[in-house]
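Asker: model the following, please.
(one chain, ligands or ions: 1)
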Amino acid sequence: MTVDCKICGIRDPEALRAAVQGRARWVGFVFFPRSPRSLTPEQAAVLSAEAAGRVERVGLFVDPDDALLDATLGRVDLDMLQLHGSETPRRVAEIRARWGLPVMKAIKIARAEDLAVVPDYAEVVDCILFDAKAPKEMVDALPGGNALSFDWRLLAGRSWPKPWMLSGGLNPENLTEAVNLTGADAVDVSSGVEVRPGVKDPARIAAFLSAAGEL
Ligand SMILES: O=C(O)c1ccccc1NCC(=O)[C@H](O)[C@H](O)COP(=O)(O)O
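Answerer: Numbering: from 1, shown residues only. Predicted coordinates:
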């Protein structure tokens, strides 16, 4: 079984190289200033140039306005956009049409009812990303990248009309169980391959990609 991996929140060349050497399919660059993983367009442009032709480059945005997308995409070459906020299906479709890039929409899951929106988004996206919804009590939660998992059994035996990725609290130790339960053929990780928020660990990236290769 092949499981394609995305390493999200890449901020430095060492992490990028570990992702490329371990044969990640995608790397993610975060454009959300409140995140410890956020990059300026100038920083991302350097990493994006190094990644070109070796790994697909995903730009992560949270409810971006047109000006932010224009400013970022004017400076950084990206292969896909990841929308990780409260973007409506209509806004997702608008972004996809206007910037002409494939779009992945994060759908945040805490309980079965949270999956009810999938058909609406599936009509307008290229890929769905299932991530954990942070509980309200978690006051300092980010819109994603919180090292939280959801109940993977909610996806067991389900099929979806578009390609999809599993994310949320994955790490080298739990990847096998997560994939076996959900049947995911693509996964996304950030916190689980870090030494602390925003600081990637090349050895953990290698371990995650190795675990994926052994599935
Ligand atoms: O990583 C962030 O800081 C971030 C900020 C705002 C929205 C989303 C964010 N990250 C999302 C991801 O890194 C992944 O797509 C995914 O949710 C995995 O996160 P993690 O649970 O940390 O592995």
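Asker: residue 128 pairs with what?
Answerer: In this entry, residue 128 is beta-bridged to residue 105, residue 164, by DSSP bridges.
Asker: that one: how many residues sit nearby?
Answerer: 19 (other C-beta atoms under 10 Å). Using the backbone N, CA and C atoms, a C-beta is placed for each residue, glycine as well.
Asker: cool, and residue 69?
Answerer: Counted with other C-beta under 10 Å, residue 69 comes out at 18.
Asker: quick check: closest non-adjacent residue to it.
Answerer: With sequence-adjacent residues excluded and distances taken as C-beta to C-beta, 6 or more residues apart in numbering, residue 69 is closest to residue 99, at 6.1 Å.
Asker: distance check, that neighbour against the ligand.
Answerer: Per C-beta to the nearest ligand atom, to the nearest Å, residue 99 is found 19 Å from the ligand.
Asker: quick one: contacts for that residue?
Answerer: By C-beta atoms under 8 Å, 6 or more residues apart in numbering, the contact set of residue 99 is 69, 73, 81.
Asker: TSV please, covering these and showing secondary structure, distance to residue 167 and pLDDT.
Answerer: Formatted as TSV, these follow (DSSP: H, G, I helix; E, B strand; the rest coil; distance: C-beta to C-beta, whole Å; pLDDT from 0 to 100):
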residue	secondary structure	distance to residue 167	pLDDT
69	helix	22	98
73	helix	23	98
81	strand	16	98
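Asker: for residue 209, which non-adjacent residue is closest in space?
Answerer: Nearest in space to residue 209, with sequence neighbours left out and distances taken as C-beta to C-beta, 6+ apart, is residue 22 at 3.1 Å.
Asker: check contacts around the one you found.
Answerer: So residue 22 contacts 5, 205, 206, 208, 209, 210, 213 (C-beta under 8 Å, 6+ apart).
Asker: any idea how far the ligand is from the third one?
Answerer: If I follow you right, that is residue 206. Taken as C-beta to the nearest ligand atom, the span from residue 206 to the ligand is 16 Å.
Asker: helix, strand, or coil at that residue?
Answerer: Residue 206 falls in the helix class when you classify it by DSSP: H, G, I helix; E, B strand; the rest coil.
Asker: my guess is it meets residue 18, correct?
Answerer: Yes. Counting by C-beta atoms under 8 Å, residue 206 touches residue 18, with 5.6 Å between them.
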